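[1] Quick one: sequence plus predicted model below, questions after.
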Amino acid sequence: MVENSETRVFAAGSLRAPLTAIATDFEKTGTRSIKLTFGPSGLLCDRIVARGEVVDVFASANMEHPQWLTANDWSSAALPFARNELCVLAAERVPITSANVLDMLLDPRWKLGTSTPKLDPSGDYAWELFRRADALRPGAFSALDCAARKLVGGSESSQSLANRSIYAMLIVNGDADLFLTYSTNAQQAVNEVPTLTVVRLPDNLRIAATYGLAVRTTSSPSAQAFAEYVLSPAGQETLARFGFAPP
């Protein structure tokens, strides 16, 4: 029997392209329609917890938020479903390589862009990188903490664009010379602006991001079916097509 009402999904902004494709494929199976809302995972989690918004599925760019919901009986489990990785997106003018990443991040000539910690996991991952940098070069954390421009991921920061890369736009407009972001975001930016450079972090600074999925315990069977579809070979193949690694 086809259910008429929709399944509401909150998802990290970095999942916009693959999850939109997955939802389109899922809807072809004849189950209820999917309503997707994208944004910083921390802000979305706050909308569930503090504002009590009714959401069926939450796909976060970390495991902490889904696990918190699980611990508070919103969901029966928090499931890892994809992996991403922090990298540096750079303007053509910056002579950056994997070997000199830390030097370039600390160089006061270059404006460093990040997401907003606590509100967006990408920002939390950036500050984790700052702490690792401090272990390699004492004083680096303080310098990077002061230099970082929190340009996305906050309630009042630059808004994500539905079909365009906000990261490419911020660099092209001169708001940042370097941006710490997910490799999937960086690849989209380079596809739009080929003069930009994506630099993978060296092993001693590499930050992996595990994405987590949670389903509200009182949701309909269709919500669980959608989560299972994300974890299915078909869903995983779509995620891989957009640059995500399996969990």
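    Arrived safely, thanks for sending.
[2] quick one, phi/psi of residue 170?
    The phi/psi pair for residue 170 (degrees, to the nearest 10) reads phi -70, psi -40.
[3] where's it relative to residue 51, distance?
    The gap separating residue 170 from residue 51 is 29 Å, by CB to CB, to the nearest Å. Where C-beta positions appear, they are placed from N, C-alpha and C, glycine not excepted.
[4] what pLDDT does the nearest residue to residue 92 once chain neighbours are set aside get?
    Closest residue in space to residue 92, ignoring its immediate chain neighbours: residue 195 at 4.5 Å, by CB to CB, 6 or more residues apart in numbering. The per-residue pLDDT reported for residue 195 equals 97.
[5] so is residue 195 in a helix, a strand, or just coil?
    coil (DSSP: H, G, I helix; E, B strand; the rest coil).
[6] On the pLDDT front, check residue 162 for me.
    Turning to residue 162, the model gives it a pLDDT of 59.
[7] same question, residue 3
    At residue 3, the model reports a pLDDT of 46.
[8] so how many other residues sit close to residue 237?
    Residue 237: 12 surrounding residues under other CB atoms under 10 Å.
[9] Next: residue 175.
    By other CB under 10 Å, 15 other residues sit near residue 175.
[10] what's the answer for the one 4 residues further on, then?
    For residue 179, the number of neighbouring residues by other CB under 10 Å comes to 29.
[11] Which of the helices or strands spans it?
    Secondary-structure assignment from DSSP states H and E places residue 179 in strand 178-182.
[12] Ok, residue 212 next?
    Judged by DSSP H and E, residue 212 forms part of strand 208-216.
[13] by how many degrees do that strand and strand 178-182 diverge?
    50 degrees (axes from the mean of the first three to the mean of the last three CA atoms, to 10 degrees).
[14] can you list the residues that contact the helix or strand just after strand 208-216?
    For strand 208-216, the following helix or strand on the C-terminal side (DSSP H and E) is helix 221-231. Here helix 221-231 makes contact (CB atoms under 8 Å, 6 or more residues apart in numbering) with 3, 7, 9, 19, 22-23, 25-26, 29, 31-32, 34, 56-57, 59, 79, 81, 213, 215-216, 235, 239.
[15] got a list of what residue 125 touches?
    Applying CB under 8 Å, 6+ apart, the residues near residue 125 are 86, 180, 207, 209.
[16] So which of those wins on neighbours?
    Counting by other CB under 10 Å, top hit in the contacts of residue 125: residue 180 with 27 neighbours.
[17] so where's the protein uncertain?
    1-4, 31, 155-162 (pLDDT under 70).
[18] Which residue ranges of it form strands?
    In the chain, strands defined by DSSP state E lie at 7-12, 34-39, 57-60, 75-90, 112-115, 149-152, 178-182, 197-200, 208-216, listed in chain order.
[19] which residues does residue 74 contact?
    Residue 74 sits next to 48, 214, 216, 217 when contact means CB under 8 Å, 6+ apart.
[20] Would you mind giving those residues as TSV with distance to residue 139 and neighbour count added?
    Listed next are those as TSV, based on distance: CB to CB, whole Å; neighbours: other CB atoms under 10 Å:
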residue	distance to residue 139	neighbour count
48	39	20
214	39	28
216	45	20
217	47	14
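[21] Could you list the domains of this structure?
    7-83+209-241, 84-205 (automatic domain parsing).
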